[in-house]
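Enquirer: Compute the structure for the input listed below.
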Amino acid sequence: LSAIMGGIFLILCDTIARTITTGEVPLGIVTSILGAPYLIYLLRSKKTQFFGGD
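Expert: Here you go, the predicted structure:
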């Protein structure tokens with residue numbers, strides 16, 4: 001299931017990269033822009049599991 005979701009995410013990022021600009025935008029840039037907020041959310045919501053915090 002995660003492989004399918006990852007593939008869908010990459011297709012979505014590629015579509016966004018091709019429609020935003022007329023030039024070629026690397027897929028890694030779009031993936032990081034969309035994925036970084038989700039990673040930050042996960043780290044903040046699971047802070048006690050990752051860092052042993054309060």
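Enquirer: Please count neighbours and contacts with C-alpha atoms only from this point.
Expert: OK.
Enquirer: any idea which helix or strand carries the residue nearest the centre of the chain?
Expert: In the chain, the residue lying closest to the centroid (C-alpha atoms, centre = their mean) is residue 35, at 1.8 Å. Following DSSP states H and E, one finds residue 35 within helix 27-45.
Enquirer: Now that helix: average pLDDT?
Expert: Across helix 27-45, the average pLDDT comes to 88.
Enquirer: Give me the buried stretch members for it, please.
Expert: 27, 30-31 (16 or more other C-alpha atoms under 10 Å).
Enquirer: Kindly report the same for stretch 17-24.
Expert: With burial defined by 16+ other C-alpha under 10 Å, the residues of stretch 17-24 counted as buried are residue 17.
Enquirer: Outside of it itself, list whatever touches it.
Expert: 25-27, 30 (C-alpha atoms under 8 Å, 6 or more residues apart in numbering).
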